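K.L.:
what shape does this take:
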Amino acid sequence: MGKVKSEKKRVSKASSSSKLDLLRKKLELEQDMLNKGDNPSSSEKIEEIDEQIEQVDEQEAQPEQPQEEHQEPDPSLEKEEISKVADLIKDTQQEHIVEEQHAEILDNKSFSKRIQSYQKLFLTVRKEVQRILVGQDEAITGLIRALISDGHVLLEGVPGIAKTTLIRTLAQTTGCSFARIQFTPDLLPTDIIGISTYQEGRGFYTLKGPIFNNFILADEINRAPPKVQSALLESMAEKQATIAKESFPIPLPFFTMATQNPLENVGTYSLPEAQVDRFLFKIYMGYPNIDEEQRILRSNISTHSFENFKVKAVLSPDLILKIQDDVKKVYVDQKVEHYIVKLIDATRFPKKYGVGLGRYVEFGASPRGSIGLISAARAEAVLNGQNYVTPHHVKTIAYDVLRHRLILSYEGQAEGIKAERVIEEILRKVPVP
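P.N.:
Numbering: from 1, shown residues only. You can find the predicted model right below:
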């Protein structure tokens, strides 16, 4: 009996080694096809390897004749390596499928069909994000909307509600690079954008900072001095960073999510109103409900590694740029344009529209507010698979676009008036076309 077991171990090890070599060859061919494109010879070789793997599996399934007893090591390590290589092959094949889907979408000349394809992709992105993030549907939608609008987001919420997890997961699903910058009082602009340095034998060269990534998390942006905030805002507005009098382009797409902690004011530097205006959206993240918090306990990312969730890349940087370009082409009727202009006008002259809470507004929205409304409304239309903007789209995004652009008077702040209440009354009083 001992001889049979020993022989099975030896046959299993030989088969595992053979199968591992075959899987490695298959992985190399899959990656080569992903980089260089399909070709008949590679496809034929992959088919041959698949046949050989089947033969190895059949040999392992056959009963073996007893042989002389021989001590062999446990083949569990080989099996584990086979599993890893097989997973790599699946990931490579998935990347290949995703690239083919993206190519098919980009080759589609019908604008309306591309918009419908985008809607399906965004639903998949949302599902991938929700594998890690429980609840927060409005925040997820807001970030996707801002991304395809080519805008940036100021996110406010109490600590511990997964703000960092949200942006990190979204970066993963879009196939983009990601960097987190923790803003502190001793942070310097060079810590963000990089420096020009000197090395003997090499001379002067530029060492780029974390700003040179597609997705940036500016964590607790109000804890850094104004100089640092300005360095980030230059990159947000101009898509470039200036290092030692030389400007360098930021990789596109470029998306910034800055966070603020609403609980603490000590040791913070409030963003000037002109800088806050640079953000397309201001979004609030609130507490989860009871059911959502119970689900959070089960899928706690503190006890499960981020990599264990195996979030897949649904989009790619090139496809995001194409989507951003198509969002700008979404049709906006003149009546809807006039509606947007009247909403902005109502923030400046509320009495003209009978907005009672307007007496608490010190300054209304600037023209950047109307530009933000039309850009975000186009993105909202694309998220809904439509190639035209309706007043309902404008109403949906009005709160995120305007809440940080209405400057309330001291009287309004003293009475606890929120910008959302003013926006709600404006949306009720301004006639819908």
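K.L.:
please count neighbours and contacts with C-alpha atoms only from this point.
P.N.:
Fine.
K.L.:
what strand or helix carries Ile323?
P.N.:
Using DSSP states H and E, the element containing Ile323 is helix 317-327.
K.L.:
show me the contact partners of that helix.
P.N.:
Identification of contacts with helix 317-327 by CA atoms under 8 Å, 6 or more residues apart in numbering yields 102, 106, 111, 118, 148-150, 174-176, 252-253, 375, 378-379, 382.
K.L.:
what separation do you get for the residue positioned nearest the centre of the chain and Gly385?
P.N.:
By CA atoms, centre = their mean, the chain has its centre lying nearest to Leu170, at 2.6 Å. Taking CA to CA, to the nearest Å as the measure, Leu170 falls 20 Å from Gly385.
K.L.:
the helix or strand following the helix holding Ile323: which residues count as buried?
P.N.:
Using DSSP H and E, the helix or strand that follows helix 317-327 towards the C-terminus is helix 334-348. Across helix 334-348, burial judged by 16 or more other CA atoms under 10 Å covers 336-337, 339-348.
K.L.:
could you dump the residues you listed to CSV with pLDDT and distance to Lys429?
P.N.:
Shown next, in CSV, are the buried residues of helix 334-348 (pLDDT from 0 to 100; distance: CA to CA, whole Å):
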residue, pLDDT, distance to Lys429
Val336, 95, 16
Glu337, 95, 17
Tyr339, 96, 12
Ile340, 96, 13
Val341, 96, 14
Lys342, 96, 11
Leu343, 96, 9
Ile344, 96, 13
Asp345, 95, 12
Ala346, 95, 9
Thr347, 95, 11
Arg348, 94, 14
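K.L.:
can you get me a residue count around Pro350?
P.N.:
24 (other CA atoms under 10 Å).
K.L.:
got phi/psi on the residue nearest to it when sequence neighbours are not counted?
P.N.:
The shortest distance from Pro350 to any non-neighbouring residue, by CA to CA, 6 or more residues apart in numbering, is to Gly358 (5.0 Å). The phi/psi pair for Gly358 (degrees, to the nearest 10) reads phi -60, psi -20.
K.L.:
go on, Ile243?
P.N.:
The phi/psi pair for Ile243 (degrees, to the nearest 10) reads phi -120, psi 120.
K.L.:
the residue nearest to it when sequence neighbours are not counted - how many residues pack around it?
P.N.:
Spatial nearest neighbour of Ile243, excluding adjacent residues (CA to CA, 6+ apart): Ile195 at 6.1 Å. Ile195 has 17 neighbours, counted by other CA under 10 Å.
K.L.:
number the chain from 60, please
P.N.:
I'll keep to 60 as the first residue from here, and by that count the last item is Ile254.
K.L.:
Ile254 belongs to a helix, doesn't it?
P.N.:
No: per DSSP: H, G, I helix; E, B strand; the rest coil, Ile254 lies outside any helix segment and is strand.
K.L.:
ok, Ala424 to Ile226 distance?
P.N.:
Ala424 sits 28 Å away from Ile226, going by CA to CA.
K.L.:
cool, and Glu297?
P.N.:
Distance, Glu297 to Ile226, by CA to CA: 22 Å.
K.L.:
compare these two (neighbour count), which wins?
P.N.:
Taking other CA under 10 Å, Glu297 and Ile226 do not tie; Ile226 has more neighbours (23 against 10).
K.L.:
three-state assignment of that one?
P.N.:
Applying three-state DSSP: Ile226 is helix.
K.L.:
which stretches in the stretch 160-309 of the chain count as strands?
P.N.:
Listed in chain order, the strands of the stretch 160-309 of the chain (DSSP state E, counting those that start in this stretch) span 212-215, 237-241, 253-258, 262-267, 274-278, 299-302, 305-308.
K.L.:
right, so those: which one is the most enclosed?
P.N.:
strand 274-278 (a mean of 24; mean count of other CA atoms under 10 Å).
K.L.:
now for it, which elements pack on it?
P.N.:
In terms of contacts (3 or more CA pairs under 8 Å, 6 or more residues apart in numbering; DSSP states H and E), strand 274-278 is packed against helix 222-232, strand 237-241, strand 314-319.
K.L.:
relative to Leu356, which of the ones you listed is closest?
P.N.:
Closest to Leu356 of the helices and strands packed on strand 274-278, according to CA to CA: helix 222-232, at 15.2 Å.
K.L.:
contacting residues around stretch 482-492?
P.N.:
Contact partners of stretch 482-492, identified using CA under 8 Å, 6+ apart, comprise 394-395, 398, 401-402, 405-406, 409, 412-414, 416, 450, 454, 457-458, 461-462.
K.L.:
which ones are touching the nearest residue to Val400 once chain neighbours are set aside?
P.N.:
Once flanking residues are discounted, Val400 sits nearest to Ser429: 6.4 Å by CA to CA, 6+ apart. By CA under 8 Å, 6+ apart, the contact list for Ser429 reads 399-400, 403.
K.L.:
give the rounded mean pLDDT of stretch 185-201.
P.N.:
For stretch 185-201, mean pLDDT rounds to 87.
K.L.:
hey, what's the residue lying closest to Leu206 once chain neighbours are set aside bridged with?
P.N.:
Using CA to CA, 6+ apart and skipping residues adjacent in sequence, the residue nearest Leu206 is Phe314, 6.4 Å away. Beta-bridge pairing for Phe314 (DSSP bridges): Phe274.
K.L.:
what's the burial count for Phe314?
P.N.:
The number of residues packed near Phe314 is 27, by other CA under 10 Å.
K.L.:
quick one, what contacts it?
P.N.:
Phe314 neighbours (CA under 8 Å, 6+ apart): 206, 209-211, 273-275, 295.
K.L.:
what two of those are the furthest from one another?
P.N.:
Asp209 and Ile275 (13.5 Å).
K.L.:
returning to that earlier point: and the gap between the residue nearest to Val400 and Asp278?
P.N.:
Ser429 sits 28 Å away from Asp278, going by CA to CA.
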